[in-house]
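1. okay, here's the prediction I keep looking at, along with the sequence it came from:
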Amino acid sequence: MILIPLFPLPRTAIQHYYLNRKGIMTVLEFILLLLIAGICGAIGQAIAGSSRGGILVSIAVGFIGALLGSWMSAQLGLPELLNVTIGGNSFPIVWSIIGSVVFVLIVGLLTKRR
């Protein structure tokens, strides 16, 4: 005999937290997002031929590249390729790299070479 409850079963506190959180990111998810942005920024810098800065610059370039690349894909009507969802937030890998290359090239044109 199978019993089917007529009312919803109570959720545990952990289930309630994970099902109802919106836009909240754990520390591990944030570190993973920083790592992915840093890798995308470093790849973008390598493609553009820039070697300035360290890991913090690569992370910043990765995030700026994600914003710029997502904007470019929306303007061109192209789909976002290879999205990674971390903590409910989507991060476009391919467009982040493309946007990083464009951003590094623009910064290189605007600044003096040493």
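-> Done, it's in. Keep in mind the model is a prediction, meaning the values are calculated, not measured. Residues are numbered from 1 along each chain as shown.
2. going by C-alpha atoms from here, please, whenever you check contacts or count neighbours.
-> Will do.
3. so who does the residue nearest the centre of the chain touch?
-> With distances taken as C-alpha atoms, centre = their mean, F91 lies nearest the centre of the chain, 3.0 Å away. Taking C-alpha atoms under 8 Å, 6 or more residues apart in numbering, we find F91 in contact with 66, 83-85.
4. next: L105.
-> By C-alpha under 8 Å, 6+ apart, the contact list for L105 reads A48.
5. roughly how far does M72 sit from I98?
-> 9 Å (C-alpha to C-alpha, to the nearest Å).
6. comparing these two, which residue is more hemmed in?
-> I98 (24 against 16; other C-alpha atoms under 10 Å).
7. which non-adjacent residue is nearest the more buried one?
-> G69 (6.1 Å; C-alpha to C-alpha, 6 or more residues apart in numbering).
8. remind me which residues of the chain are low pLDDT?
-> Applying pLDDT under 70 to the chain flags the ranges 1-23, 113-114.
9. need the strands for it, in chain order.
-> In the chain, the segments counted as strands under DSSP state E are 83-86, 89-92.
10. just name the most buried of the ones you listed.
-> strand 89-92 (a mean of 18; mean count of other C-alpha atoms under 10 Å).
11. what lines up beside that strand in the sheet?
-> Paired strands of strand 89-92, with direction, are strand 83-86 (antiparallel) (DSSP bridges).
12. in stretch 41-51, which residues are buried?
-> If you call a residue buried by 16 or more other C-alpha atoms under 10 Å, then stretch 41-51 has these buried ones: 41-45, 47-48.
13. now swap in stretch 60-77 and tell me
-> 60-70, 72-73.
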